[in-house]
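Novice: give the three-dimensional model of this entry:
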Amino acid sequence: MAKKSTLFVCQTCGAAQPKWLGRCPACQSWDTMVEEPMAPAAKGRPAAPVHKTPLTQALDRPDKRRPTGLPELDRVLGGGLVAGMVVLVGGEPGIGKSTLMLQTAQALGADGGRVLYVAAEESARQVGLRAHRLGLAGEGVELLADTALEPILQAVAADTHDAVVVDSIQALKSEELSSAPGSVGQVRQCAAELAGAAKKAGCALFLVGHVTKEGALAGPRVLEHMVDTVLYFESEPSMRLRLLRAVKNRFGATDEVGVFEMGEAGLAGVVNPSALFLAHRPISAPGSAVCAAMSGTRPLLVEVQALVSPSGLAMPRRQALGVDQGRLQMLAAVLAIHAGLDLGGHDVFVNVTGGVRLSEPAADLAVTAAIASSLANRPLPAKTVCFGEVGLTGELRAVGRSAARMAEALRQGFDQVLTAPGKTAAPAGLEVLKAGRLDQALGLLW
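Specialist: Predicted coordinates for the structure are as follows:
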């Protein structure tokens, strides 16, 4: 009996099974098993000499980072590129991943670097037309339009590059595998080979990846474990904003957000995102509050909107966008018990404008103030900013980086801050209202 030469591989997690299954036993996804040829057995290779490095010697090497030329990208990466760094960039089709990578390549090239741009989905002519539309000179950037992995590996090993961009990893194909491009085996093999070559050559590697309709990166889950940094490019179509987030970063923090604005000349970093997030804020509308949040090391002023309406349901709804759903339910219960707000027969909807996600407890006070304002149908003071954590017993707790939050409020033209008691001194020109309990804080607003 001939030995079976194919396996059924899950396109979500990469798990392999000898026969087809309707549901993957590893990730529980339905209808994701696809038949693929088995990878050939690895040929025996002579053992290479082992080179060990003492940890003390490795500690003596400084962490040299190369700026990309795009400050917002550098912010998310942790200060710039590290030699041998592998970055996976994901996002929806048409959001601007290729534009971001081409502008990054041009910025590195203009600064004296050498960049190899691998166009696996476009011809060199098409990339040139896009560069012309963006007004890029193209200095220091070399194009390689190919989908075969082996010539790309040769180009990476043959020349000294500061960075290599591959657009996209799902379009590459290795001759060692007979499966189609974009399959689990091809994506895993191509990513592993490219990452190894980049680390050996000491150049930074950008891999552009597609996302599924659920918003996750296409390909095996192991792809995210193989790279050093995973970036997601998100959009807010109504404001032409693009938000760049890091969900994994071995060389920096994952709570930084880069803000870009898409224009005729491509992507431009937003120097003052707070002003952009508050540009269309209704001044005298009930249910609108301004929160001083922290995005990594950057203070941001964002608008929190709430709508409280009578409910005809036995269990009123609590819906949140940009705020944790469980957090909203907890805050609604605290408002009912400790602030005397009758929310039992009302639906509560909360939204953070601009596509911003607030995960820190400092947003609690702004959320509760917006809910109280909507329920009372009374607008909050137009020049007041709120931040502070709300406890289950109705107390307000101070949060970190209060000085930076207050300075940002003053810089954006606000003259009053409502927060919890703390030791942070108020800057000149800013009135600070402090309350120890939630009901006291709401009383100070009107």
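Novice: for the one helix or strand Ala332 maps to, packing partners?
Specialist: Here Ala332 sits within helix 325-338, counting by DSSP states H and E. Under the contact definition 3 or more CB pairs under 8 Å, 6 or more residues apart in numbering; DSSP states H and E, helix 325-338 sits against strand 318-321, strand 346-352, helix 364-376, helix 438-445. Just so you know, the C-beta spots here come from the backbone N, C-alpha and C atoms, and that holds for glycine as well.
Novice: Leu358 is nearest to which of those?
Specialist: Ranking the helices and strands packed on helix 325-338 by their distance to Leu358 (criterion: CB to CB) puts strand 346-352 first, at 5.5 Å.
Novice: elements contacting that closest one?
Specialist: Using 3+ CB pairs under 8 Å, 6+ apart: strand 346-352 touches strand 298-310, strand 318-321, helix 325-338, helix 364-376.
Novice: most tightly packed of these?
Specialist: With neighbours taken as mean count of other CB atoms under 10 Å, these reach their highest mean count in helix 364-376, at a mean of 26.
Novice: which helices and strands sit right next to it?
Specialist: Using 3+ CB pairs under 8 Å, 6+ apart, helix 364-376 sits against strand 288-295, strand 298-310, helix 325-338, strand 346-352, strand 384-386, strand 389-390, strand 416-419, helix 438-445.
Novice: how far does the longest one sit from its chain's centre?
Specialist: The reference is to helix 325-338. On the basis of CA atoms, centre = their mean, to the nearest Å, helix 325-338 sits 28 Å off its chain's mean C-alpha point.
Novice: just want the most central residue of the protein.
Specialist: Geometric centre of the chain, nearest residue: Arg245, 1.8 Å, by CA atoms, centre = their mean.
Novice: give me the sheet partners of whichever helix or strand it is part of and which way each runs.
Specialist: Secondary structure from DSSP H and E places Arg245 in strand 241-249. Strand pairing for strand 241-249, using DSSP bridges, gives strand 229-236 (antiparallel), strand 257-263 (antiparallel).
Novice: list the buried residues of the last one.
Specialist: Just to be clear, that refers to strand 257-263. Residues of strand 257-263 classed as buried by neighbour count (16 or more other CB atoms under 10 Å): 257-260, 262.
Novice: Phe8: which of the helices and strands packed on strand 346-352 is closest?
Specialist: Proximity to Phe8, assessed across these by CB to CB, is greatest for helix 325-338 (36.5 Å).
Novice: all helices of the stretch 101-250 of the chain, in order?
Specialist: With helices called from DSSP state H, counting those that start in this stretch, the stretch 101-250 of the chain shows them at 124-133, 149-158, 184-201, 222-226.
Novice: so for Gly266, which of those sits nearest?
Specialist: Closest to Gly266 of the helices of the stretch 101-250 of the chain, according to CB to CB: helix 124-133, at 8.2 Å.
Novice: on that earlier part again, lowest-confidence stretch among the strands paired with strand 241-249?
Specialist: Ranked on mean pLDDT, the bottom entry among those is strand 229-236, at a mean of 88.
Novice: who is the residue nearest to Val270 when sequence neighbours are not counted paired with across the strands?
Specialist: With sequence-adjacent residues excluded and distances taken as CB to CB, 6 or more residues apart in numbering, Val270 is closest to Val259, at 4.2 Å. Beta-bridge partners for Val259, by DSSP bridges, are Leu243.
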